[in-house]
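Peer 1: dropping a prediction and its sequence here:
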Amino acid sequence: MPYVPHSPEQVREMLEVIGVNSVDDLFAEIPAELRPKSFNLPKGNSEMAVLQKMEQLAARNTTDLTSFLGAGFYDHFIPTAVDALVSRSEFYTAYTPYQPEASQGTLQAIFEYQTAMARLMDLDYANASVYDGGTALYEATLMAVRKTKRRKIIVSEALNPIYRVMLDSYTTNLNLELVTVPHNHGRTNIKSFTAAIDNDTAAVIVQNPNFFGSVNDFTNLFATAHEHKAIAIMSTYPVLQAVLKTPGEMGADIAVAEGQSVGQPLSFGGPYLGIMTCTKALIRQMPGRIAGRTEDSEGRTGYVLTLQAREQHIRRHKATSNICSNQALCALRTLIHLCLLGEEGLHRTALLSIERAHYASERLTAIPGVELFTKGPFGNEFAITLPVNAFEVIDKLTKRGIIPGFPLGRYYEGLENELLVACTEKTTEEQIGIFAEILRGEL
């Protein structure tokens, strides 16, 4: 845990250079009543003592739980080579590739990542990622508003509620009309959705599979949106795109996703990356960095940043976006992860995850009082209705070594007994069996 301490003499020298007498003078412009009364920091300690304290705190974390928790973030296997390759210093020390003559490796990696994402979503273009899935959805919404010059956004209630909270927060002062279409027992209500679309609609936003795990085909919905010249936006789960009908096949204009499931460890919530892809008609509305492939005067292949100003965020209110960084290292992890798995490996990962989820649904719904809440086709995630409060079940089973899922009542009023259960290729039939028997004993 390295750090660089400054001696009192060094502090004095730095203050002298900038022309102030004390550290407090640096904050002279802040009124006294607004300054912190105390940072409540402990006294300094030795490096050995600090390391011992941090190790003690880390040891309090429970790392041997069997988890069926999903809700947008999934525990997929990551090949060891991903860490080995992404940890090379030329990758993890590189930042913004403004000078293409000195950044060909980084630019090529970004270009290949974009190519992989565009192929996965079956759309024309991808950017070099934004912060996370929720940020990507917000940026996609603004793309639609700029393109259509409209303010009405129709959102499915079956969209990840975390993303809906982010969308509502980010657009609070943008004078947009967010219309939420209620879910129908965990399914996206396409009939109500279609009825809500009119000539004032800028975009329709759906998710596939949706937050309840339900799989839909939005081809007809998107066709209706296009009839009204609205933009069709879909949030996806990248792994399952290997087996599901793609956003491009359905007619989506923009597809976004949380990239955690393809190469990023869960890591207490980050860092992750937001995947963004779109059709050619919307490429100039896309935020973030975009790498392009070209040739120099001698016919040699080269890679450059393209279609955007060097720092678009300095254009203030005229900027496409205020995002002024990206998740290039996380994007590189995703690229390496997909390359190591290949088309067949990603396909097998998706199928195994779906198979384990369906096996889990059979075992769990065989328990008296437990019913399947998710109606119709589902992927690697599904919701069940318990005879008791889901929060109580989570508390009991976690103490016995199993995280049984996500309580839907946290975001959906009236669904306090519903539990969202997820499986991946790492979930074994033995773990599912143990989960089912412990749950049976607790109900």
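Peer 2: Right, received. Where do you want to start?
Peer 1: so where is the protein shaky, pLDDT-wise?
Peer 2: 1-4, 309-314, 316, 324-326 (pLDDT under 70).
Peer 1: what are the ranges of the helices in it?
Peer 2: In the chain, the segments counted as helices under DSSP state H are 8-18, 47-59, 80-86, 89-92, 104-121, 133-148, 161-170, 190-196, 219-227, 247-250, 328-365, 390-398, 429-442.
Peer 1: in contact with the residue found closest to Gln241 once you drop the neighbours it is linked to in the chain, which residues?
Peer 2: Excluding the flanking residues, the one nearest Gln241 by CB to CB, 6 or more residues apart in numbering is Leu120, at 5.2 Å. Just so you know, the C-beta spots here come from the backbone N, C-alpha and C atoms, and that holds for glycine as well. Leu120 is in contact with 238, 241-242, 246, 338, counting by CB atoms under 8 Å, 6 or more residues apart in numbering.
Peer 1: what's the closest of these to Ala203?
Peer 2: Thr246 (18.9 Å; CB to CB).
Peer 1: give the full set of residues in contact with the closest one.
Peer 2: Contacts of Thr246 by CB under 8 Å, 6+ apart are 120-122, 255.
Peer 1: JSON lines for these, including distance to Ala319?
Peer 2: As requested, those are arranged in JSON lines below (distance: CB to CB, whole Å):
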{"residue": "Leu120", "distance to Ala319": "28"}
{"residue": "Met121", "distance to Ala319": "25"}
{"residue": "Asp122", "distance to Ala319": "29"}
{"residue": "Ala255", "distance to Ala319": "23"}
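Peer 1: relative to Glu29, which of those is nearest.
Peer 2: Ala255 (46.5 Å).
Peer 1: please, where are all the strands along the stretch 151-300 of the chain?
Peer 2: 152-156, 177-181, 201-208, 231-236, 254-258, 274-278, 291-295 (DSSP state E, counting those that start in this stretch).
Peer 1: can you say which of the helices of the chain is packed in most?
Peer 2: Greatest average neighbour count among the helices of the chain goes to helix 133-148 (a mean of 24), per mean count of other CB atoms under 10 Å.
Peer 1: what's the angle between it and strand 152-156?
Peer 2: Angle of helix 133-148 versus strand 152-156, following axes from the mean of the first three to the mean of the last three CA atoms, to 10 degrees, is 150 degrees.
Peer 1: how near is Asp64 to Leu167?
Peer 2: 36 Å (CB to CB, to the nearest Å).
Peer 1: now Met117
Peer 2: For Met117 relative to Leu167 (CB to CB), the value is 21 Å.
Peer 1: who touches stretch 335-351?
Peer 2: Counting by CB under 8 Å, 6+ apart, 76-79, 81-82, 85-86, 109, 112-113, 116, 120, 239-243, 262-263, 380, 424-425 sit against stretch 335-351.
Peer 1: likewise for stretch 64-74?
Peer 2: Against stretch 64-74 from outside (CB under 8 Å, 6+ apart): 75, 133, 160, 162, 211, 237, 239, 258, 260-261, 266, 269, 272, 353, 360, 380-381, 398, 401-406, 420-424, 427, 431, 434-435.
Peer 1: buried ones in it?
Peer 2: 66-74 (16 or more other CB atoms under 10 Å).
Peer 1: need the max-distance pair from those residues.
Peer 2: Pairwise over the buried residues of stretch 64-74, using CB to CB, the maximum falls at Thr66 and Gly72, 19.4 Å.
Peer 1: so for Ala281, which of the helices of the chain sits nearest?
Peer 2: Among the helices of the chain, if distance is taken as CB to CB, the winner is helix 133-148, at 8.0 Å.
Peer 1: so which elements touch the closest one?
Peer 2: strand 152-156, helix 161-170, strand 201-208, strand 231-236, strand 254-258, strand 274-278 (3 or more CB pairs under 8 Å, 6 or more residues apart in numbering; DSSP states H and E).
Peer 1: how far is that helix from where the chain is centred?
Peer 2: Here helix 133-148 is found 15 Å from its chain centre; the criterion is CA atoms, centre = their mean, to the nearest Å.
Peer 1: what's the angle from it to strand 231-236?
Peer 2: 170 degrees.
Peer 1: can you show me the CA trace of helix 133-148 as PDB?
Peer 2: In PDB, the C-alpha atoms belonging to helix 133-148 read as follows (Å, rounded to 0.1, in the frame of the first residue of the first chain):
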ATOM      1  CA  GLY A 133     -25.100   0.500 -18.600                       C
ATOM      2  CA  GLY A 134     -27.200   3.200 -17.000                       C
ATOM      3  CA  THR A 135     -25.100   6.000 -18.400                       C
ATOM      4  CA  ALA A 136     -25.200   4.400 -21.800                       C
ATOM      5  CA  LEU A 137     -29.000   4.400 -21.700                       C
ATOM      6  CA  TYR A 138     -29.100   8.100 -20.700                       C
ATOM      7  CA  GLU A 139     -26.800   9.000 -23.500                       C
ATOM      8  CA  ALA A 140     -28.900   7.000 -26.000                       C
ATOM      9  CA  THR A 141     -32.000   8.900 -24.800                       C
ATOM     10  CA  LEU A 142     -30.300  12.200 -25.500                       C
ATOM     11  CA  MET A 143     -29.200  10.900 -28.900                       C
ATOM     12  CA  ALA A 144     -32.900  10.400 -29.700                       C
ATOM     13  CA  VAL A 145     -33.900  13.800 -28.400                       C
ATOM     14  CA  ARG A 146     -31.300  15.500 -30.500                       C
ATOM     15  CA  LYS A 147     -32.200  13.500 -33.600                       C
ATOM     16  CA  THR A 148     -35.900  13.900 -33.400                       C
END
